[in-house]
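> Dropping the sequence and predicted coords here.
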Amino acid sequence: MRTELDIVILGLSITSSWGNGHATTYRALIRELDRMGMRVHFLERDTAWYAASRDLPTPPFCRTSLYASLEELRDVHAEAVRDADVVIVGSYVPDGVELSRWVLERARGLRAFYDIDTPVTLAKLARRDFEYLHPSLIPRFDLYLSFTGGETLATLEQTHGSPCARALYCSVDPEHYAPRADVATRWDLGYLGTYSDDRQVRVESLLCEPARSLPDQRFVVAGSRYPAQLRWPKNVERIEHLPPPEHSSFYNAQRFALNVTRDDMIQAGYSPSVRLFEAAACGVPIISDIWPGIETILTPNEELLLVRSGAEVGELLASLREDQRRAIGQRARARVLSAHTCAHRARQLLGYCREAAAIKGRAR
C-alpha cells in the first residue's frame, strides 16, 4: 500500500455537527490524515436538517462534495470511488445498504465500514432492522472499523464474518481542547449530548437529582432534540445547540463534566464517547456512569470518578477537595494526550488498512 493515499469517505456529515457526534469524529480524524499527507474526499448526502445548520460548510483539510441522491452519487462520483486507495462507508448514511452494495461493486481499493454506532448497529441487526447495514455486507468489507472494542470485535469476525474487525475509537484534537485560564467557572456540573430516551434516564438520575438536592450549585445541559415538555430544576441551565468551536470553553467553565452512556453501549462495553476525551483534554474531571472496559480508557478514582446514583454525584460535588479535583483532571488530560488524540487514531487507521490489505492479499 502506498505511503500517501487517496481516501474517499462516505459519511453521515462533516459539514454539520447539529444533533450528531459523527461530524466531530470525522473532522478530527481527517484533519490529522491531511497533516500526514493523505488526500481525503468526503462525500455527504445533502439533507435539509443538516443544510439548515452547517457550521463547517467547506472543511479546509479535505475535499467535500454534497450529493442529492444515490443517482447523483453514481453519476458524479463513480470514478473517485473506483480509483481511491481506500473507500470508507460510515454508519447511519442514508440509503446505506444500497450505497454499500454499490461501493463494494465499484471500488477497486480497500473497502471499509466505519461504525460509529456499533452496539446500536448490532442491536438493529438482531431485530432484523437493516436501516443502514445488512449482515450480508459485513463479510464483503475488507475492514470493519468499530467504535466499540472488547468482545464486540470477536462477534463481528466470528458471528458476522468480517475478515478484519478493529477498534477505532473516537478521539480529540489537542489543539482545540485544552485547559483555559481565561474561562471563568460558571457551573458545578455540566453535560453535553444529544437527547435520547435511554440517556435521559441517567441525565435525570445523575444530574437533575443532585441539582434538586443542591439548590445553591449550578448545572447545565447542552444539546439538541430535547423535548419541550421536559421540566428541569431551576438551577439547571439549558443550551439548545453548542457548536464544536465552543466546546472547549464549555468544558472549562465546569468544575466537573458528566458522562452518560446509551443502553446499547453500556451492554456492549468498550464504547467511549467523544465527550469523554474532550472533557479530559480540557483537564476537567469527569463523573461517569459505569460500563465494562471504561477502566481501559481512564483509571477509576485516579483519572475519572465512577458513580451509581445521584446521591454519589451529590457527595462528590459537595465534599471533594479542590486539590483532589484538579489532580484528577490533570491525570485524565495526560492519559488522553498519551493515547487518544486524533494523531493516534489516524496512525491506527493507516495501520489497520495495511493489515487488512495483507489479509485480503492472502485470501486471493
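Cool, the structure landed.
> where does this protein have low pLDDT?
By pLDDT under 70, the weakly predicted segments of the chain are 1-2.
> what does the domain assignment say about it?
The chain breaks down by automatic domain parsing into domains covering 6-170+342-363, 187-339.
> out of those, which comes closest to residue 181?
Closest approach to residue 181 among the domains of the chain (C-beta to C-beta): domain 187-339, 8.7 Å. All C-beta atoms are positioned from the backbone trio N, CA, C, and that covers glycine.
> Now do the contacts for residue 278.
Contacts for residue 278 (C-beta atoms under 8 Å, 6 or more residues apart in numbering) come out as 172, 177, 247, 248, 251.
> For the residues you listed, give me TSV that also has secondary structure.
Formatted as TSV, the contacts of residue 278 follow (DSSP: H, G, I helix; E, B strand; the rest coil):
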residue	secondary structure
172	strand
177	coil
247	helix
248	helix
251	helix
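> Let's have the residues you listed in CSV, adding distance to residue 88.
Output for the contacts of residue 278, formatted as CSV (distance: C-beta to C-beta, whole Å):
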residue, distance to residue 88
172, 20
177, 24
247, 25
248, 27
251, 29
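> Dump the domains of the chain into CSV; add distance to residue 181 as well.
Formatted as CSV, the domains of the chain follow (distance: least, C-beta to C-beta, whole Å):
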stretch, distance to residue 181
domain 6-170+342-363, 24
domain 187-339, 9
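> contacts for the host helix or strand of residue 359?
Using DSSP states H and E, residue 359 maps to helix 342-363. For helix 342-363, the external contacting residues (C-beta under 8 Å, 6+ apart) are 1, 5, 28-29, 31-33, 35-36, 38, 86, 110, 112, 142-143, 145, 163-164, 166, 168-173.
> Only the C-alpha atoms, please, for it, written as PDB.
Taking C-alpha atoms only, helix 342-363 is exported to PDB below (Å, rounded to 0.1, in the frame of the first residue of the first chain):
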ATOM      1  CA  CYS A 342      -6.600  12.300  16.500                       C
ATOM      2  CA  ALA A 343      -2.900  11.700  15.700                       C
ATOM      3  CA  HIS A 344      -3.100   8.300  17.500                       C
ATOM      4  CA  ARG A 345      -6.300   7.400  15.600                       C
ATOM      5  CA  ALA A 346      -5.000   8.400  12.200                       C
ATOM      6  CA  ARG A 347      -1.900   6.200  12.700                       C
ATOM      7  CA  GLN A 348      -4.200   3.400  13.900                       C
ATOM      8  CA  LEU A 349      -6.400   3.700  10.800                       C
ATOM      9  CA  LEU A 350      -3.500   3.500   8.400                       C
ATOM     10  CA  GLY A 351      -2.000   0.500  10.300                       C
ATOM     11  CA  TYR A 352      -5.400  -1.300  10.100                       C
ATOM     12  CA  CYS A 353      -5.600  -0.500   6.400                       C
ATOM     13  CA  ARG A 354      -2.200  -2.100   5.800                       C
ATOM     14  CA  GLU A 355      -3.200  -5.100   7.900                       C
ATOM     15  CA  ALA A 356      -6.500  -5.600   6.100                       C
ATOM     16  CA  ALA A 357      -4.800  -5.200   2.700                       C
ATOM     17  CA  ALA A 358      -2.400  -8.000   3.700                       C
ATOM     18  CA  ILE A 359      -5.300 -10.200   4.800                       C
ATOM     19  CA  LYS A 360      -7.100  -9.500   1.600                       C
ATOM     20  CA  GLY A 361      -4.000 -10.400  -0.400                       C
ATOM     21  CA  ARG A 362      -3.500 -13.700   1.400                       C
ATOM     22  CA  ALA A 363      -7.200 -14.600   0.700                       C
END
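> returning to what we had before: just the buried members of the contacts of helix 342-363?
Buried subset of the contacts of helix 342-363 (neighbour count, 16 or more other C-beta atoms under 10 Å): 5, 28-29, 31-33, 38, 86, 110, 112, 142-143, 145, 163-164, 166, 168-173.
> Residue 124: what's it in contact with?
With the criterion set at C-beta under 8 Å, 6+ apart, residue 124 makes contact with 130, 131, 133.
> my guess is the first one meets residue 98, correct?
The reference is to residue 130. No. Under the criterion of C-beta atoms under 8 Å, residue 130 makes no contact with residue 98, lying 10.7 Å away.
> Strands of the stretch 51-200 of the chain, residue ranges please.
Ranges of strands in the stretch 51-200 of the chain, per DSSP state E, counting those that start in this stretch, are 63-67, 86-90, 110-115, 143-146, 165-167, 187-192.
> now the ones you listed in a markdown table, with distance to residue 79?
Shown next, in a markdown table, are the strands of the stretch 51-200 of the chain (distance: least, C-beta to C-beta, whole Å):
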| stretch | distance to residue 79 |
| --- | --- |
| strand 63-67 | 12 |
| strand 86-90 | 12 |
| strand 110-115 | 16 |
| strand 143-146 | 22 |
| strand 165-167 | 29 |
| strand 187-192 | 40 |
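> Residue 198: which of those is closest?
Here strand 187-192 is closest among the strands of the stretch 51-200 of the chain (C-beta to C-beta), at 14.4 Å.
> quick one: residue 258 is in a helix?
No. Assignment of residue 258 by three-state DSSP gives strand, placing it outside any helix.
> For the closest residue in space to it that isn't next to it in sequence, the count of nearby residues, please.
Excluding the flanking residues, the one nearest residue 258 by C-beta to C-beta, 6 or more residues apart in numbering is residue 191, at 4.3 Å. Other residues near residue 191 come to 25 when the count uses other C-beta atoms under 10 Å.
> Roughly how far does residue 191 sit from residue 140?
From residue 191 over to residue 140 the distance is 39 Å, taken as C-beta to C-beta, to the nearest Å.
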